[in-house]
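Colleague: Turn this into a model:
(2 chains)
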There are 2 protein chains.
Amino acid sequence: MQVAVVTFDGFNELDSFIASALINRCRKDGLEAFITTPTPVVTSMNGVEVSGQRPMEFIPEADVVLIGSGVKTRDVIADDRLLAMLPLDPARQLIGSQCSGALVLARLGLLGGMPVCADITSRPFVEEFGVTVLDAPFHAEGNIASAGGCLASQYLAAWVMTRTLGEDAARASIGYAAPVGEQQETVERVMSAVRSGEPALR
Amino acid sequence: MQVAVVTFDGFNELDSFIASALINRCRKDGLEAFITTPTPVVTSMNGVEVSGQRPMEFIPEADVVLIGSGVKTRDVIADDRLLAMLPLDPARQLIGSQCSGALVLARLGLLGGMPVCADITSRPFVEEFGVTVLDAPFHAEGNIASAGGCLASQYLAAWVMTRTLGEDAARASIGYAAPVGEQQETVERVMSAVRSGEPALR
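Modeller: Just a heads-up that it's a prediction; the model follows:
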């Protein structure tokens, strides 16, 4: 199974790399994440140049698509050429957004009436689409999830691992990455946040 | 003030990017982090190609040097040419290691008798240098700190921000990045881990 971590120019490193690195702990189990970009190289909000591992043409092949966040997401949703590169299909794909990535889901009309999570900076722009933004770090309904606050990317990654490989795989990845001596409390906190945000998993 | 986040081929994205992105929330306060690499481009353990923002020649200018982790750190400490590019000076610089980065501090003879934190995979190799590895996520003495477990990079970043700009700056950065609705508990958990690991800050 393949995960596209969609990463635009101006991206936030926490949002794209926490999710991709945690998910890639599951590569041996057949789940792999790729930084997916509209240009061969993208530059982060802090000036780090990263080469995409996959082009946008990879998106229809992906089993999971996560939309990262950054300082230029409002430009992304104003760019019809970029939006046309995002033929997301929640009937067939798991779809998640991190922080301002929720703007992309809103703009693409994927949310129906469901609320989302987003960071406080993005919140008013998401609300302009008539979408409710929750005071919570993670929310999922069916095949669509959203996370708010950079470090909530752990929750988005745990949701992806749980939905594709099961809870044990998510626990193993989070436990491996947790601070030494804090494995159990970290795993329980993350899994609890995912369960709280996804009523169907409770 | 400038922070070199030393990043070798085979690096772990969590280790280099969580620290650098959190620290760069303080750029407006005059603290800035740069991915610092021995070659113009390095490739992560998951195949992501990243261009260095600074070459190794930047290290003597840096006020803070953090040694990231990765799957090739044992090659790094066997490479005298690479080690010669690390003229670290704990009298003048704050120095920190993440996970296997502790091997570099041990190999450079910077630790004296102090124990370190490192991930469980790196632990036996650090112990070969006669260095004690703690069952804890973060430890600091004077100007040298170490963190173990990828997500403990938050603690290393908070230590750097606290030591350079003060605790308020660290709290603001961690609070901004925290999951929505979990700001206060995240900040308290991180600052508590830093205080527990640095007796001088208690």
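
Colleague: going forward, measure contacts between C-alpha atoms and count neighbours the same way
Modeller: Noted.

Colleague: Give me the average confidence score over the longest helix anywhere in chain A.
Modeller: Secondary structure of chain A per DSSP state H: the longest helix is helix A:183-197. Mean pLDDT, taken over the full extent of helix A:183-197, equals 97.

Colleague: Also stretch A:128-148?
Modeller: 97.

Colleague: Near residue A:123, how many other residues are there?
Modeller: 21 (other C-alpha atoms under 10 Å in any protein chain shown).

Colleague: Just the buried positions in the longest helix of chain A, please.
Modeller: Of all the residues in helix A:183-197, those buried under the rule 16 or more other C-alpha atoms under 10 Å in any protein chain shown are A:183, A:186, A:187, A:190, A:191, A:193, A:194, A:195, A:196, A:197.

Colleague: and that helix, is it in reach of chain B?
Modeller: No - for helix A:183-197, no contact with chain B is found by C-alpha under 8 Å from any C-alpha of the partner chain; the gap never falls below 9.0 Å.

Colleague: And for stretch A:83-96?
Modeller: No - contact of stretch A:83-96 with chain B (C-alpha under 8 Å from any C-alpha) is absent, the minimum separation being 15.5 Å.

Colleague: end-to-end on that stretch?
Modeller: Terminal residues of stretch A:83-96 are spaced 16 Å apart (C-alpha to C-alpha, to the nearest Å).

Colleague: Give me the buried positions along it.
Modeller: Buried residues in stretch A:83-96, counted by 16+ other C-alpha under 10 Å: A:86, A:88, A:89, A:90, A:93, A:94, A:95, A:96.

Colleague: and the residue lying closest to the first one once chain neighbours are set aside, how many neighbours?
Modeller: Right, the one you point to is residue A:86. Leaving aside its sequence neighbours, residue A:86 sits nearest to residue A:59 (C-alpha to C-alpha, 6 or more residues apart in numbering or on different chains; 7.0 Å). Residues lying near residue A:59 (other C-alpha under 10 Å) number 25.

Colleague: got any ranges where chain A has weak pLDDT?
Modeller: For chain A, the stretches flagged by pLDDT under 70 are A:201-202.

Colleague: What residues does it have near chain B?
Modeller: Residues of chain A lying near chain B (C-alpha under 8 Å from any C-alpha): A:12-14, A:17-18, A:21, A:24, A:35, A:46-53, A:118-120, A:135-137, A:147-152, A:176-182.

Colleague: May I have the phi/psi pair for the residue of chain A most remote from its centre?
Modeller: Most distant residue from the mean C-alpha position of chain A: residue A:181, 27.4 Å away (C-alpha atoms, centre = their mean). Dihedral pair for residue A:181: phi 80, psi -10, per degrees, to the nearest 10.

Colleague: same question, residue A:133
Modeller: Main-chain torsions, residue A:133, degrees, to the nearest 10: phi -100, psi 120.

Colleague: what number of residues lie near it?
Modeller: 21.

Colleague: List the beta-bridge partners for residue A:35.
Modeller: Counting by DSSP bridges, residue A:35 forms beta bridges with residue A:5.

Colleague: That one contacts residue A:4, correct?
Modeller: Yes - distance between residue A:35 and residue A:4: 6.3 Å, which falls inside the contact criterion (C-alpha atoms under 8 Å).

Colleague: Would you mind telling me which of those two has the busier surroundings?
Modeller: residue A:4 (28 against 25).

Colleague: Return the residues in contact with that one.
Modeller: Shown in contact with residue A:4 (C-alpha atoms under 8 Å, 6 or more residues apart in numbering or on different chains): A:33, A:34, A:35, A:36, A:54, A:58, A:59, A:62, A:64, A:65, A:66.

Colleague: For the fifth one, give its distance to residue B:152.
Modeller: Residue A:54 sits at a distance of 29 Å from residue B:152 (criterion: C-alpha to C-alpha).

Colleague: More neighbours: these two, which one.
Modeller: Comparing residue A:54 with residue B:152 by other C-alpha under 10 Å, the one with more neighbours is residue B:152, at 32 against 19.

Colleague: Residue A:33 belongs to a strand, doesn't it?
Modeller: Yes - counting by DSSP: H, G, I helix; E, B strand; the rest coil, residue A:33 is part of a strand.

Colleague: who's in contact with it?
Modeller: A:2, A:3, A:4, A:5, A:20, A:21, A:23, A:24.

Colleague: Nearest to residue B:103 among those residues?
Modeller: For those, the minimum distance to residue B:103 (C-alpha to C-alpha) is 22.0 Å, reached by residue A:21.

Colleague: does that closest one count as helix, strand or coil?
Modeller: Classified using three-state DSSP, residue A:21 is helix.

Colleague: and it, how many neighbours does it have?
Modeller: 24.

Colleague: Kindly report the same for residue A:113.
Modeller: Residue A:113: 10 neighbours (other C-alpha under 10 Å).

Colleague: Give me the distance between it and residue A:92.
Modeller: 19 Å.

Colleague: Also residue A:85?
Modeller: Going from residue A:85 to residue A:92 by C-alpha to C-alpha gives 17 Å.

Colleague: how about the helices in chain A?
Modeller: A:13-24, A:73-76, A:80-83, A:101-107, A:123-127, A:153-164, A:167-177, A:183-197.

Colleague: Redo the ones you listed as a markdown table? Include distance to residue B:101.
Modeller: Listed next are those as a markdown table, based on distance: least, C-alpha to C-alpha, whole Å:
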| stretch | distance to residue B:101 |
| --- | --- |
| helix A:13-24 | 18 |
| helix A:73-76 | 35 |
| helix A:80-83 | 39 |
| helix A:101-107 | 33 |
| helix A:123-127 | 38 |
| helix A:153-164 | 23 |
| helix A:167-177 | 15 |
| helix A:183-197 | 20 |
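
Colleague: so which of these gets nearest residue B:163?
Modeller: helix A:13-24 (22.4 Å).
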